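>>> please find the sequence and the predicted model below.
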Amino acid sequence: MENKNKETKNELLKLAKRRVRLRKGVEWHAIIYLIVNAFLCAIYYLTTPNGYFWPIWAIVGWGLGLVIHFVVIRSSLASAREDRELIKREYKMLQEDFEQDDD
């Protein structure tokens, strides 16, 4: 029994680490997005301050990718929580059915 608890704790620890890595990945993505696009804007203002604002293409395109990254991670973490709830309910129903069959 103690071995099973240890295995469960290890699995939970792995899952927690994975979820933290996913969140950190989005954070780093946002930080790099801000740094690179600030650098592109600086290049624009130093070279052609009154010309066509070409960094907008990187800002919008990459920004869309960043938003999609955020939504995918957020929804996968939320769906994992919902899945756990569904599994608990299904398990409870099966358990009740099994107990009724014993009667």
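On my side now, so go ahead.

>>> what about the residue most central in space within the chain, which helix or strand?
With distances taken as CA atoms, centre = their mean, Ile73 lies nearest the centre of the chain, 2.2 Å away. Element membership for Ile73 (DSSP states H and E) is helix 55-102.

>>> average pLDDT across that helix?
Taken as a whole, helix 55-102 has a mean pLDDT of 87.

>>> what number of residues lie near His29?
16 (other CB atoms under 10 Å). Where C-beta positions appear, they are placed from N, C-alpha and C, glycine not excepted.

>>> what of the one 4 residues further on?
Around Tyr33 there are 17 other residues, counting by other CB under 10 Å.

>>> contacting residues around Leu40?
Taking CB atoms under 8 Å, 6 or more residues apart in numbering as the criterion, Leu40 is in contact with 55, 58-59.

>>> and the residues you listed, which are buried?
55, 59 (16 or more other CB atoms under 10 Å).

>>> what sits closest to Tyr33 if chain neighbours are left out?
Leu66 (5.3 Å; CB to CB, 6 or more residues apart in numbering).

>>> returning to that earlier point: helices or strands up against the helix holding Ile73?
helix 2-47 (3 or more CB pairs under 8 Å, 6 or more residues apart in numbering; DSSP states H and E).

>>> the helix it packs on to helix 55-102, inter-axis angle?
160 degrees (axes from the mean of the first three to the mean of the last three CA atoms, to 10 degrees).

>>> residues contacting the residue nearest to the centre of the chain?
Ile73 touches 22-23, 25-26, counting by CB under 8 Å, 6+ apart.
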